[in-house]
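J.: sequence-free structure coming up:
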């Protein structure tokens with residue numbers, strides 16, 4: 001079973017984590033199942049950027065992002081070449097190393113409706 005190695009994040013996962021992932025499940029759902037409370041303001045339907053992650057290792061094992069995800073990623077804080085919306089990135093059979101950015105843009109949480 002593949003593993004997701006989550007790099008330390010000050011608020012969500014201060015020590016980092018190594019979690020077992022089920023192939024066919026999104027990175028976001030896997031993190032949430034393991035009590036890593038990553039933001040997902042649109043309820044994981046690819047309509048915001050709050051679940052943005054940077055895949056530091058294993059990126060090529062993920063299916064290519066679709067156009068809607070790419071369009072949204074253009075609005076993500078701290079966009080990098082290996083950025084993905086974790087709600088759209090489905091775990092395959094390879095291990096992943098994931099970094100949750102320090103900030104995310106969450107208009108509802110920040111009171112900017």
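T.: That came in fine, so what should we check first? Here the structure is a predicted model, which means the values were calculated and not measured.

J.: Quote the end-to-end distance of stretch 29-37.
T.: 10 Å (Cα to Cα, to the nearest Å).

J.: which other residues reach stretch 61-69?
T.: Stretch 61-69 has contacts (Cβ atoms under 8 Å, 6 or more residues apart in numbering) with 46, 55, 73, 84-85, 88-94, 96. Any C-beta I mention is one placed from the backbone N, CA and C, and that applies to glycine too.

J.: Now do that stretch, average pLDDT.
T.: For stretch 61-69, mean pLDDT is 97.

J.: now do stretch 46-54
T.: 95.

J.: Touching that stretch from outside, list them.
T.: 27-28, 38-42, 44, 68-69, 72-73, 75-80, 82-89, 98-101, 104-106, 109.

J.: how about low-confidence regions in this structure?
T.: 105-113 (pLDDT under 70).

J.: what about the longest strand in this protein?
T.: strand 52-57 (DSSP state E).

J.: Please identify the buried residues of that one?
T.: 52-55 (16 or more other Cβ atoms under 10 Å).

J.: Buried residues of the helix or strand following that strand, list them for me.
T.: Per DSSP states H and E, the first helix or strand lying C-terminal to strand 52-57 is helix 67-73. For helix 67-73, burial by neighbour count (16+ other Cβ under 10 Å) applies to 69, 72-73.

J.: could you show me where the strands are in this protein, in order?
T.: Using DSSP E, strands in the chain cover 3-6, 17-20, 52-57, 83-85, 96-99.

J.: Mean neighbour count, the ones you listed: which tops it?
T.: For the strands of the chain, the largest average neighbour count (mean count of other Cβ atoms under 10 Å) is found in strand 83-85, namely a mean of 26.

J.: what sits against the residue most central in space within the chain?
T.: Centroid check for the chain by Cα atoms, centre = their mean gives residue 86 as the closest residue, at 2.9 Å. By Cβ under 8 Å, 6+ apart, residue 86 lies in contact with 26-28, 31, 38, 40, 51-53, 98.

J.: Tell me which two of those sit farthest apart.
T.: Across the contacts of residue 86, the longest distance by Cβ to Cβ is 14.5 Å; it joins 40 and 98.
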